[in-house]
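Visitor: sequence plus the predicted model coming up.
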Amino acid sequence: MKMLDFAHATAFTDERSLIMLMVVLIAGIIRGFTGFGSALLAVPALATIYGPVEAVVIEVLIEIPVCLTLLHTAIKRSERQTILPMIAMFIVFVPVGALLLTITNPATVKVLISLFVLAALALIWQQPRVTRIFSPKFNYIVGAISGITQGLTGMAGPLFATALIARGDSSTCTRANISALALAIIFLSVASFALVGLITKTLVLYAILASPAIMLGVWIGSFLFSRFGESKLRVVILYFLAFTALITLFETLFY
C-alpha cells in the first residue's frame, strides 16, 4: 500500500498541519475529560485529511506519550492475572489487524473506521447493560477482537475497557488494568506497524509535531473534569464523536 513519504509531504500545506493539530488537541481534551475517546475523534478526522492508513498510524504514535504518563500506575496497581491473558491475545491478533490494514482498500477502511466509532459509542452508552454478558472466559475473545480492531482501526479501547469494568473490581484497580492494557496494545501496535512497513519517517514527524497538542489537550480535559465532573458535557462529547463518525462515513460513501 502506498504510504506518505517526504516527496508527498512537501505537497501538504500548513493549513493541513494546523487542522491536524486542532483535531489532536480536541481529541486530547476528550481523552482527558472522559478517560477515552481520543482515537474515536482523531482517526476519522485524520483519515479525511491524510487517508485511513496514515490516520491509524499517527493516532497510535501520538498515544505513546499519553500512555507513558500512566506507566507507573499501570505497573504498580494492575493485576497480572487479569491483564496477561488479554495481552497474550493482543500479541497474536494485533499483527493480524495491522496486516489487514495493509491489504484492505482505503475506502473500505474508512467505512470500517466510521462504523466502529458508532459501535464503540453504542457500547459506551449501554455499558452498564453490556457488562452483564461479559465473563472471565469471554475476556479471551475480547482480547482477540480488540487486537484485530486495534491493528485495523487503532480504536480497541472501548471494548477491552468494558470487559474490565464488567469484572466489578475497585475503580483504582480497574483504571490501572485499563492503563496497562492500553500501554501494551499501543506498543504492540507500533511493533506490528513497523513489521509490516506502515511506519514512515514522515508519519513519525507528524506524530512528534502533534504529541504536544494531545498532551495539552489531556491536561485541559483533566482540568475540565475536575471542575465539572460527570456533567452533561460528557453527553455532548459522545454526540460530537457520533457526528464526526457520520460525517466521515457520508464523505466516504458519497464523494
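Guide: Yep, that arrived.
Visitor: for the helix or strand containing Thr202, buried residues please.
Guide: With elements taken from DSSP states H and E, the one containing Thr202 is helix 201-228. Buried residues in helix 201-228, counting neighbours by 16 or more other CB atoms under 10 Å, are found at 202-203, 206-207, 210-211, 213-218, 220-222, 225. (C-beta placed from N, C-alpha, C; glycine too.)
Visitor: which element, helix or strand, includes Gly168?
Guide: Using DSSP H and E, Gly168 sits in no helix or strand.
Visitor: avg pLDDT for the helix holding Thr202?
Guide: For helix 201-228, the mean per-residue pLDDT is 90.
Visitor: next, the buried residues of the very next helix or strand once past that helix.
Guide: Later in the chain than helix 201-228, the nearest helix or strand by DSSP H and E is helix 232-254. By neighbour count with 16+ other CB under 10 Å, helix 232-254 contains the buried residues Leu233, Arg234, Ile237, Leu238, Leu241, Ala242, Thr244, Ala245, Thr248, Leu249, Thr252.
Visitor: check contacts around the third one.
Guide: Contacts of Ile237 were listed using CB atoms under 8 Å, 6 or more residues apart in numbering, and they are Ile30, Phe33, Thr34, Gly37.
Visitor: of those, which belong to helices?
Guide: Counting by DSSP state H, the contacts of Ile237 place Ile30, Phe33, Thr34 in helices.
Visitor: number of residues surrounding the first one?
Guide: It stands for Ile30. The number of residues packed near Ile30 is 25, by other CB atoms under 10 Å.
Visitor: cool, and the last one?
Guide: Thr34: 19 surrounding residues under other CB under 10 Å.
Visitor: I'd say it and Val236 touch.
Guide: No - contact criterion CB atoms under 8 Å: Thr34 and Val236 do not qualify, at 10.8 Å.
Visitor: returning to what we had before: closest one of the buried residues of helix 201-228 to Glu54?
Guide: The nearest member of these to Glu54, counting by CB to CB, is Leu203 at 6.2 Å.
Visitor: gap between the closest one and Val56?
Guide: 10 Å (CB to CB, to the nearest Å).
Visitor: and if you look at Val92?
Guide: Distance of Val92 to Val56, computed by CB to CB: 19 Å.
Visitor: these two: which is more packed in?
Guide: For the pair Val92 and Val56, the greater number of neighbours falls to Val56 (30 against 13), based on other CB under 10 Å.
Visitor: was I right about that one contacting Thr149?
Guide: No - the criterion here is CB under 8 Å, and Val56 misses it with Thr149 at 10.8 Å.
Visitor: list the contacts of Gly221.
Guide: Residues in contact with Gly221 (CB under 8 Å, 6+ apart) are Gly28, Ile29, Ile30, Arg31, Gly32, Phe33, Thr34.
Visitor: make it 6 Å
Guide: Going by CB atoms under 6 Å, 6 or more residues apart in numbering, Gly221 touches Ile29, Gly32, Phe33.
Visitor: burial count for the second one?
Guide: If you count neighbours by other CB under 10 Å, Gly32 ends up with 24.
Visitor: can you tell me the closest non-neighbouring residue to it?
Guide: Gly221 (2.3 Å; CB to CB, 6 or more residues apart in numbering).
Visitor: kindly report the same for the last one.
Guide: Using CB to CB, 6+ apart and skipping the chain neighbours, the partner closest in space to Phe33 is Gly221 (3.8 Å).
Visitor: which of the three states applies to Arg16?
Guide: Under the three-state scheme (DSSP: H, G, I helix; E, B strand; the rest coil), Arg16 adopts helix.
Visitor: and it, how far from Arg234?
Guide: Arg16 is 30 Å from Arg234, by CB to CB.
Visitor: repeat that for Leu25.
Guide: For Leu25, the distance to Arg234 (CB to CB) stands at 18 Å.
Visitor: any stretches of the stretch 51-200 of the chain with poor pLDDT?
Guide: 131-136 (pLDDT under 70).
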